[in-house]
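S.K.: any chance you can model this:
(chains A and B)
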Amino acid sequence: MAESKLLSVRNLSMRFGGLLAVDQVNMEVRPREVVSIIGPNGAGKTTVFNCISGFYRPTSGEVLFEGRPMHRLPGFKIARAGMVRTFQNVRLFKEMTVIENLLVAQHMQAERNLLKGLLLTAGYRRRESELMDRAAHWLERVGLVDFANREAGNLAYGQQRRLEIARCMVTRPRLLMLDEPAAGLNPNETRDLDRMIVQLKEEEGITVLLIEHDMSLVMGISDRIYVVNQGKPLAEGSPEEVRRNPEVIKAYLGEE
Amino acid sequence: MSSQLVHAGFSALLTLLLGASVLGVELRSEGVTTIVAVEGALTWLWLGGAVVVVFLHQLFRPKIEAMRRQTWTGSRFSLPPLLKNHAQRRLILALVIGALLLFPFMAERSAVDLATLTLIYVMLGLGLNVVVGLAGLLDLGYVGFYAVGAYTYALLNSYLGFSFWEALPLAGGMTALFGYLLGFPVLRLRGDYLAIVTLGFGEIIRILLNNWTDLTGGPNGISRIPKPTLFNLEFSRRADEGNVAFHEFFGIPYDPSYKVMYLYILALLLSLVTVYVIYRLMRMPIGRAWEALREDDIACRSLGLNPTGIKLSAFTIGASFAGFAGSFFAARQGFISPESFTFIESAIVLAIVVLGGMGSQLGVILAAIAMTLLPEIAREFNEYRMLLFGLIMVMMMVWRPQGLLPLKRPQMELKRG
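M.R.: Numbering: from 1, shown residues only, chains lettered A, B, ... in the order given. Model (predicted):
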């Protein structure tokens, strides 16, 4: 049974002073699934994300990733374990070039021995060229090869979004967490994003946890959806089930 | 065109008259005839050259300006990429290093001495550039590390008799340790708060050195610090017991300028090593991580980079270069006291980094040269010197906030397949 769960969140709560931002959220993600978290603005979706990815330390509850507890670890260790996230407002290394962004992301795979790097040993060169190859591969996948030497901050918004996903992917994650990846994208770009997520799942065997407001995107690609409202879990199920759930309709449209 | 000719001719005449009087051309009467007398054989040549240059410049000025206006595109200041070609770049680099190595044999002693001082600031600037320019950690107490380096050599020498070469790596290691120790309390701090704590650190070091009289000699400092030797050959007139002096070994007459030249070449070598090591570091995973940390530490964490380790490494490595520079400084001066390590030194080194363009090595080198040469050149202005200096800084920040030569991102070539 433990095999079938990649991520499980149990009774997760997060309190900021008097505000209970996340209240007893439970969640399970199985390998190669696309799972979405939806909910009205301020429902606590991003807080859940921050707790899972280690940017907040949850007040109570636990987060297990591949059966290992994550909720006491700092963010960078969680990322090393294979859970990598993007941000609602893109967080690129703006003054660095596109390719450098992808090289930084592979820091853990890089040869970090100072002496080897200073002496340019054969091993160091080989490792660096592997990183370059991997970066190039992902640049091609997201269609940014021609911008490789451009500063990341100078890219168009949609390109920045794609670069952020590529930057996550070069770290070889098992769980990709996307926080509103379609925000600010035009319909064409959203369709491309949709296709990319499906491709990632099918070709790379990646599992995706998604926060999104764009309902057509969410309904189209999600295997399961969790609905959160005012920090509390409201509903869960397949897109069809969630769409019909009267509680969900009430939360989104208000009481009749 | 004719009006231009008249204008140019007038300018040339003016140059001739002004130049002649400045260069000491005199009208002397010998008997009944008046002759034009000049000191120095080449004076006429210089004067003639100046007149021709002014004449031609005034004549063609409108054309030159028109041409310039056409070629100027984009930013008024941006320099075109100087050298695209790799081999060409290597050649230029070799030529520059060669010229720098030959410089002490041609220049005056005072110029070589000034150049040595400049090189110390180059080292300091490059070291601080790691912390401030690359990792984005504003450090106002960098002089503390410089002092640690200098005192490490001075104390090791006066108590344990270490030579410069034995103490140099130890000084680097000692400052690296201090950098590491400073790193810990400031890990959680950013921006202004970090600046204040590092400022305090620099002051603590200075005050400690000033008051720990038993060990450091307090405000009296430490004197009689020996100069570096060349494979144990000393550069003094008479070598210490058991040692041989440089001029005796080679059987040449003693000349105090050998010592100055040797110090210069040593400083040059240390600076070149610094430039190379930091150049490599910038292109290594650790250098990329420093810059990533400067750009966005939250994104760093989300990608599995440990900000603590990266910050500490920046402080440690940046500090160690100040240690090398410091122990060289102690060896060159022969005397150090806490007075050499006041806050103003930190400020100057920081100004070098900012003026040069954060992160850019060539910029930092140019700025270090400017910052040490300008006060020397402007010595005639006496008390207005610092005013002038401040004015230049303000103008720089208004017109070119990104520094003299902002960091150019390394461009990488991707294999396509």
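
S.K.: the stretch 101-250 of chain A: helices as residue ranges?
M.R.: For the stretch 101-250 of chain A, applying DSSP state H, counting those that start in this stretch gives helices covering A:114-119, A:122-141, A:157-169, A:187-204, A:215-221, A:239-244, A:246-253.

S.K.: wait, isn't B:Ala368 in contact with B:Gly125?
M.R.: Yes. Here B:Ala368 reaches B:Gly125: they are 4.7 Å apart, a contact under C-beta atoms under 8 Å. Quick note: C-beta positions are derived from backbone N, CA and C, even for glycine.

S.K.: for these two, list the residues in contact with both.
M.R.: B:Ile352, B:Gly356 (C-beta atoms under 8 Å, 6 or more residues apart in numbering or on different chains).

S.K.: of the two, give the one with the bigger neighbour count.
M.R.: B:Gly125 (33 against 28; other C-beta atoms under 10 Å in any protein chain shown).

S.K.: need the contact list for the more buried one.
M.R.: B:Gly125 sits next to B:Val349, B:Ile352, B:Val353, B:Gly356, B:Val364, B:Ile365, B:Ala367, B:Ala368 when contact means C-beta under 8 Å, 6+ apart.

S.K.: what's the answer for B:Val148, then?
M.R.: By C-beta under 8 Å, 6+ apart, the contact list for B:Val148 reads B:Ala171, B:Met174, B:Thr175, B:Phe178, B:Ile205, B:Ala319, B:Ala322, B:Gly323, B:Gly326.

S.K.: circling back to that earlier point, which of the contacts of B:Gly125 has the most neighbours?
M.R.: Neighbour max across the contacts of B:Gly125 (other C-beta under 10 Å) = B:Val364, 33 neighbours.

S.K.: wait, that one sits on B:Val122?
M.R.: Yes. Counting by C-beta under 8 Å, B:Val364 touches B:Val122, with 7.3 Å between them.

S.K.: hang on, isn't A:Gly237 packed against A:Ser222?
M.R.: No. Here A:Gly237 does not reach A:Ser222: they are 10.2 Å apart, not a contact under C-beta under 8 Å.

S.K.: neighbour-wise, which of those two wins?
M.R.: A:Ser222 (22 against 15).

S.K.: any idea how far that one lies from chain B?
M.R.: Using C-beta to the nearest C-beta, to the nearest Å, one gets 23 Å for the distance from A:Ser222 to chain B.

S.K.: equivalent analysis for A:Leu155, please.
M.R.: In terms of C-beta to the nearest C-beta, A:Leu155 sits 14 Å off from chain B.

S.K.: how about the stretch 1-150 of chain B: which residue is closest to chain A?
M.R.: Closest approach between the stretch 1-150 of chain B and chain A, counting by C-beta to the nearest C-beta: B:Gly136, at 10.1 Å.

S.K.: residues contacting that residue?
M.R.: Shown in contact with B:Gly136 (C-beta under 8 Å, 6+ apart): B:Leu293, B:Arg294, B:Glu295.

S.K.: could I get the phi/psi values of the residue lying closest to the second one once chain neighbours are set aside?
M.R.: Looking back up the chat, that one is B:Arg294. Once flanking residues are discounted, B:Arg294 sits nearest to B:Gly136: 2.9 Å by C-beta to C-beta, 6 or more residues apart in numbering or on different chains. Per-residue torsions, B:Gly136: phi 70, psi 30 (degrees, to the nearest 10).

S.K.: pLDDT weak spots in chain A?
M.R.: A:1-3, A:254-256 (pLDDT under 70).

S.K.: mind giving me the domain split of it?
M.R.: A:1-82+A:173-256, A:93-172 (automatic domain parsing).

S.K.: what about the longest one, distance to the chain center?
M.R.: The chain centre lies 9 Å from the centre of domain A:1-82+A:173-256; the measure is C-alpha atoms, centre = their mean, to the nearest Å.

S.K.: before we move on, the earlier item: inside helices: which ones of the contacts of B:Gly125?
M.R.: Among those, the ones falling in helices (DSSP state H) are B:Val349, B:Ile352, B:Val353, B:Gly356, B:Val364, B:Ile365, B:Ala367, B:Ala368.

S.K.: so which of those residues also contact chain A?
M.R.: Filtering the ones in helices among the contacts of B:Gly125 for proximity to chain A by C-beta under 8 Å from any C-beta of the partner chain leaves nothing.

S.K.: any idea of the mean pLDDT for stretch B:135-155?
M.R.: In this model, stretch B:135-155 carries a mean pLDDT of 94.

S.K.: that stretch: which residues count as buried?
M.R.: Buried residues in stretch B:135-155, counting neighbours by 16 or more other C-beta atoms under 10 Å in any protein chain shown, are found at B:135-155.

S.K.: distance between that stretch and the chain's centre?
M.R.: So, by C-alpha atoms, centre = their mean, the centroid of stretch B:135-155 is 16 Å from its chain's centroid.

S.K.: ok, now stretch B:86-97?
M.R.: Relative to its parent chain, stretch B:86-97 has a centroid offset of 20 Å by C-alpha atoms, centre = their mean.

S.K.: again, but for stretch B:214-232
M.R.: 24 Å.

S.K.: how about the contacts made by B:Met261?
M.R.: B:Pro104, B:Phe105, B:Val112.

S.K.: tell me the most packed of the residues you listed, by neighbour count.
M.R.: B:Pro104 (23 neighbours).

S.K.: and the closest residue to it other than its chain neighbours, what helix or strand is that in?
M.R.: Nearest-residue entry for B:Pro104: B:Met261, 4.1 Å, with adjacent residues in sequence omitted and distances by C-beta to C-beta, 6+ apart. In this structure, B:Met261 sits in helix B:257-282 according to DSSP states H and E.

S.K.: next, the angle helix A:122-141 makes with whatever helix or strand comes next after that helix.
M.R.: For helix B:257-282, the following helix or strand on the C-terminal side (DSSP H and E) is helix B:285-295. Helix B:285-295 and helix A:122-141 are oriented at 40 degrees to each other (axes from the mean of the first three to the mean of the last three C-alpha atoms, to 10 degrees).

S.K.: would you reformat the contacts of B:Gly125 as a markdown table and include distance to B:Ala245 and pLDDT?
M.R.: Below are the contacts of B:Gly125 laid out as a markdown table (distance: C-beta to C-beta, whole Å; pLDDT from 0 to 100):
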| residue | distance to B:Ala245 | pLDDT |
| --- | --- | --- |
| B:Val349 | 35 | 92 |
| B:Ile352 | 36 | 90 |
| B:Val353 | 40 | 91 |
| B:Gly356 | 40 | 87 |
| B:Val364 | 37 | 92 |
| B:Ile365 | 34 | 93 |
| B:Ala367 | 38 | 90 |
| B:Ala368 | 33 | 92 |
